[in-house]
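Trainee: I would like the atomic coordinates for the input below:
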Amino acid sequence: MADLFEDYHLGPGWDEMFGEPGMPRQTYEALHATLQPLSSAELEVRADVLARAFLDQGITFALKGVERPFPLDIVPRIIAADQWRTVSAGVAQRVRALEAFLADIYGPARVLADGVVPRRLVVTSAHFHREAAGIMPHNGVRIHVAGVDLIRDEQGTFRVLEDNVRVPSGVSYVMENRRAMAHVLPEVFASTRIQPVESYPAQLLRALRAAAPAGVVDPTVVVLTPGVHNSAYFEHALLAREMGVELVEGRDLVCVGNEVAMRTTGGEQRVDVIYRRIDDEFLDPVHFRADSVLGVAGLLNAARAGRVTIANAVGNGVADDKLLYTYVPELIRYYLAEEPILPNVETYRLDDGPDVLDHVLDRLDQLVLKPVDGSGGAGIVIGSQASDEQLAQVRERILIDPRGWIAQREVALSMVPTLIGNRLRARHVDLRPFAVNDGDRVWVLPGGLTRVALPEGALVVNSSQGGGSKDTWVLASPTATPHPDDAPVLADLTVGGVDQSPAAPTPDAGPGIAGTSARQQQQQQQQEQRQEQGRQARGEGGRC
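Mentor: Numbering: from 1, shown residues only. So this is what the prediction gives:
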């Protein structure tokens with residue numbers, strides 16, 4: 001074996017490349033064959049090309065106040081086609097259940113009356129906003145974009161770690177990772193059938209246009225950003241550019257008489273759909289933080305009047321509450337009459353009673369403690385890696401507010417070879433697949449964002465905690481027939497009568513991107529048929 005894999009040890013988690021030392025799994029055989037003859041110097045040169053490409057394009061993130069290139073590891077993560085079918089179906093199922101839950105709690109609240117979810121859980125959630133009650137989206141969609149975080153446990157089983165249905169970020173890295181990797185590992189791309197990811201902007205635009213208020217035939221869509229100082233600004237700008245829509249800040253919009261308009265050099269232009277990348281609390285100073293200059297005064301009233309659609313919907317954060325996460329399997333059974341496809345990680349609710357609380361407090365050094373409204377890995381305490389002082393502090397915080405915490409079994413996350421220095425070493429990873437809901441279909445981007453914990457033994461993978469990323473390759477099934485919606489539809493990239501489609505496909509473009517007009521018409525007819533079938537299935541005014 002080449003020196004790259006010298007002293008490579010299988011870690012405590014499921015190793016995704018190797019079943020046994022030196023024996024790659026079938027999904028990794030082509031990649032292993034490419035890496036094995038390379039010297040460490042050759043691989044380092046390619047890794048430097050990746051880092052420079054990201055830096056030159058401004059693909060950075062802020063860590064402790066310093067802008068730096070987003071770390072992209074040169075060794076991709078590979079998922080077999082049959083495994084991905086399970087992941088995709090499980091993510092879509094979860095999104096459908098959470099859609100039903102949000103429609104219910106901001107409407108009739110039957111799930112609370114039936115005792116499936118305790119009322120106190122919802123009303124005490126920091127992200128449950130009564131201001132959103134009664135707002136009915138035109139096509140019933142509240143979760144236009146979801147990012148569901150997954151891990152693989154010690155047996156290689158995919159499990160859900162948490163749900164993100166407010167303003168999930170990271171999809172720009174998925175697209176840019178793929179473009180970069182196509183240039184540094186072209187020999188693997190030539191020998192491996194990998195499902196493309198470049199259709200995401202078209203799928204997102206399709207969903208946003210489908211969410212337009214009633215009666216709007218050619219909706220104006222904008223991306224609302226907090227501005228250039230936001231850590232995800234690169235993503236906001238990328239998505240707006242790829243979709244061919246305007247990137248705006250709150251000062252660019254005005255709301256008068258429940259109509260939202262965008263200030264342009266030619267005058268004010270009505271806005272129908274706002275893909276916001278601003279948290280609820282800063283979105284509308286009339287209803288939330290009065291000191292916010294990031295949002296638009298009156299925006300929530302315009303949404304209530306049905307004159308503008310906010311994507312994702314206001315109030316979705318209650319579904320991100322990590323305590324609510326523990327009830328999602330029951331929500332799937334309650335709303336969909338199905339068994340969950342993807343299991344949760346074993347979790348304790350610390351406000352379930354003194355017996356549960358005492359059990360957890362006696363085992364703090366064996367569990368992972370998480371604040372229910374935390375994000376980005378902030379506040380997490382991994383018991384086995386915590387000091388006595390840290391455990392004493394988290395014990396005190398839990399006793400003060402048991403509702404504010406959950407405890408989970410410490411899972412040895414699966415591992416993938418990662419370039420550390422000049423050697424490949426096993427490092428823990430998670431996965432954030434992205435789902436887009438257009439009201440008729442929940443489409444899951446094949447792959448998603450794999451995040452990797454770079455320090456040895458670390459389990460927190462978030463970039464804000466020093467983690468990096470990997471390109472995620474989903475292998476194409478040799479017998480699979482692509483769904484018509486899986487290829488970008490150029491008609492969806494026409495905004496204001498002007499074709500905004502790219503002049504040429506990106507390196508990983510799949511077949512059919514430069515399809516003929518007849519093909520586009522056929523796809524449009526198929527989409528209309530699916531929409532009509534969906535309306536009939538849901539009934540007039542129903543929700544998905």
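
Trainee: For the rest of this, base every contact and every neighbour count on C-alpha atoms.
Mentor: OK.

Trainee: and the gap between Y275 and A211?
Mentor: Going from Y275 to A211 by Cα to Cα, to the nearest Å gives 11 Å.

Trainee: more neighbours, these two?
Mentor: Regarding Y275 and A211, a neighbour count based on other Cα atoms under 10 Å identifies A211 as having more, with 28 against 24.

Trainee: Just give the nearest non-adjacent residue to that one, would you?
Mentor: Distances taken as Cα to Cα, 6 or more residues apart in numbering place N139 nearest to A211, at 5.8 Å, with adjacent residues excluded.

Trainee: Same question for P226.
Mentor: According to Cα to Cα, 6+ apart, the nearest residue to P226 is L294 (5.7 Å).

Trainee: Wasn't the residue nearest to A211 part of a strand?
Mentor: No. Secondary structure of N139 (DSSP: H, G, I helix; E, B strand; the rest coil): coil, not part of a strand.

Trainee: pLDDT score assigned to it?
Mentor: Per-residue confidence (pLDDT) for N139: 94.

Trainee: thought it was touching G215?
Mentor: No. Under the criterion of Cα atoms under 8 Å, N139 is not in contact with G215, lying 11.8 Å apart.

Trainee: who's more crowded, these two?
Mentor: Neighbours were counted for N139 and for G215 using other Cα under 10 Å; N139 has more, 20 against 9.

Trainee: Please work out the average pLDDT along stretch 283-299.
Mentor: 96.

Trainee: How far off centre is that stretch?
Mentor: How far stretch 283-299 lies from its chain's middle: 26 Å, per Cα atoms, centre = their mean, to the nearest Å.

Trainee: Could you check how far the residue nearest the centre of the chain is from R166?
Mentor: Residue closest to the average C-alpha location in the chain (Cα atoms, centre = their mean): G147, at 2.2 Å. Using Cα to Cα, we find G147 at a distance of 9 Å from R166.

Trainee: helices and strands of this structure: which one bottoms out on pLDDT?
Mentor: Lowest mean confidence among the helices and strands of the chain (mean pLDDT, DSSP states H and E): strand 494-495, at a mean of 33.

Trainee: And the longest strand belonging to the chain, what does it pack against?
Mentor: As assigned by DSSP state E, the longest strand anywhere in the chain is strand 423-432. Applying 3 or more Cα pairs under 8 Å, 6 or more residues apart in numbering; DSSP states H and E, we find strand 423-432 packed against strand 145-152, strand 415-420, strand 449-452.

Trainee: Out of those, which is the most enclosed?
Mentor: Across these, averaging neighbours per residue (mean count of other Cα atoms under 10 Å) puts strand 449-452 on top, at a mean of 26.

Trainee: So what touches it?
Mentor: 77, 170-171, 173-174, 427-433, 461-463, 467-472 (Cα atoms under 8 Å, 6 or more residues apart in numbering).

Trainee: Show the subsequent helix or strand relative to it.
Mentor: Note on strand 449-452: by DSSP states H and E, the next helix or strand toward the C-terminus is strand 468-474.

Trainee: can you list the weak-confidence ranges in this structure?
Mentor: For the chain, residues meeting the criterion pLDDT under 70 lie at 1-3, 60-69, 376-377, 463-466, 479-544.

Trainee: and the angle for the longest helix belonging to it with strand 468-474?
Mentor: As assigned by DSSP state H, the longest helix anywhere in the chain is helix 81-105. Using axes from the mean of the first three to the mean of the last three Cα atoms, to 10 degrees, one finds that helix 81-105 and strand 468-474 are set 110 degrees apart in direction.

Trainee: What residues of the following helix or strand past helix 81-105 count as buried?
Mentor: Per DSSP H and E, the first helix or strand lying C-terminal to helix 81-105 is helix 110-113. Within helix 110-113, the residues that count as buried by 16 or more other Cα atoms under 10 Å are 111-112.

Trainee: Mind giving me the packing neighbours of helix 110-113?
Mentor: Against helix 110-113 (3+ Cα pairs under 8 Å, 6+ apart) you get helix 81-105.

Trainee: how does it look with 10 Å?
Mentor: Counting contacts by 3 or more Cα pairs under 10 Å, 6 or more residues apart in numbering; DSSP states H and E, helix 110-113 is packed against helix 81-105, helix 119-123.

Trainee: Please pick the buried ones from the contacts of strand 449-452.
Mentor: Buried among the contacts of strand 449-452 by 16+ other Cα under 10 Å: 77, 170-171, 173-174, 427-433, 461-463, 467-472.

Trainee: Tell me the buried residues in stretch 47-58?
Mentor: Residues of stretch 47-58 classed as buried by neighbour count (16+ other Cα under 10 Å): 47, 49-51, 54.

Trainee: that older thread, ok, now how distant is the residue nearest to the centre of the chain from G448?
Mentor: For G147, the distance to G448 - Cα to Cα - is 9 Å.

Trainee: which neighbours do these two share?
Mentor: Residues touching both G147 and G448 by Cα atoms under 10 Å, 6 or more residues apart in numbering: 170-171, 431-435.

Trainee: picking up where we left off before, number of residues surrounding the residue nearest to P226?
Mentor: Count around L294 with other Cα under 10 Å applied: 20.

Trainee: re earlier: quick check, nearest of the buried residues of stretch 47-58 to R304?
Mentor: Using Cα to Cα, F54 is the member of the buried residues of stretch 47-58 that sits closest to R304, with 41.3 Å.

Trainee: Remind me which helix or strand the closest one belongs to.
Mentor: For F54, the enclosing helix or strand under DSSP H and E is helix 40-56.

Trainee: What is that helix packed up against?
Mentor: Using 3+ Cα pairs under 10 Å, 6+ apart, the elements in contact with helix 40-56 are strand 66-69, strand 72-79, helix 171-184, strand 415-420, strand 423-432.

Trainee: out of those, which comes closest to N344?
Mentor: Across these, closest to N344 is strand 423-432 (Cα to Cα), at 13.9 Å.

Trainee: so what's N316 up against?
Mentor: Counted by Cα under 10 Å, 6+ apart, N316 has contacts 98-99, 101-103, 106, 127-129, 132, 142-143, 164-167, 280.

Trainee: should've said R289
Mentor: Residues in contact with R289 (Cα under 10 Å, 6+ apart) are 280-283, 295.

Trainee: now those residues in CSV, with neighbour count and distance to V221?
Mentor: Shown next, in CSV, are those (neighbours: other Cα atoms under 10 Å; distance: Cα to Cα, whole Å):
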residue, neighbour count, distance to V221
D280, 23, 19
E281, 18, 22
F282, 20, 20
L283, 27, 17
G295, 28, 16
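
Trainee: Closest one to T326 out of the residues you listed, please.
Mentor: Distances from T326 to the contacts of R289, taken by Cα to Cα, are shortest for D280, at 23.3 Å.

Trainee: tell me the contacts of the closest one?
Mentor: Here D280 is in contact with 127, 129, 166-167, 287-289, 295, 312-317 (Cα under 10 Å, 6+ apart).

Trainee: and those residues, which are buried?
Mentor: Burial by neighbour count, judged by 16+ other Cα under 10 Å, picks out 127, 129, 166-167, 287-288, 295, 312-317 from these.

Trainee: Quick check: the farthest pair among these?
Mentor: V167 and H287 (19.0 Å).

Trainee: Surely G19 forms part of a strand?
Mentor: Yes. Assigned with three-state DSSP, G19 falls within a strand.

Trainee: What is the neighbour count of it?
Mentor: If we define neighbours as other Cα under 10 Å, then G19 has 13 of them.

Trainee: So it sits against R25, correct?
Mentor: Yes. Counting by Cα atoms under 10 Å, R25 is a contact partner of G19 at 5.8 Å.

Trainee: mind listing what the closest residue to A458 other than its chain neighbours touches?
Mentor: Excluding the flanking residues, the one nearest A458 by Cα to Cα, 6+ apart is H428, at 7.2 Å. By Cα under 10 Å, 6+ apart, the contact set of H428 is 11-15, 151-152, 412-418, 451-461.

Trainee: go again using 8 Å as the cut-off
Mentor: 13, 412-416, 452-454, 457-459, 461.

Trainee: need those in TSV with distance to A237, can you?
Mentor: Compiled in TSV, the contacts of H428 are given as follows (distance: Cα to Cα, whole Å):
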residue	distance to A237
G13	37
A412	36
L413	33
S414	33
M415	32
V416	31
V452	25
A453	27
L454	28
G457	35
A458	32
L459	31
V461	25
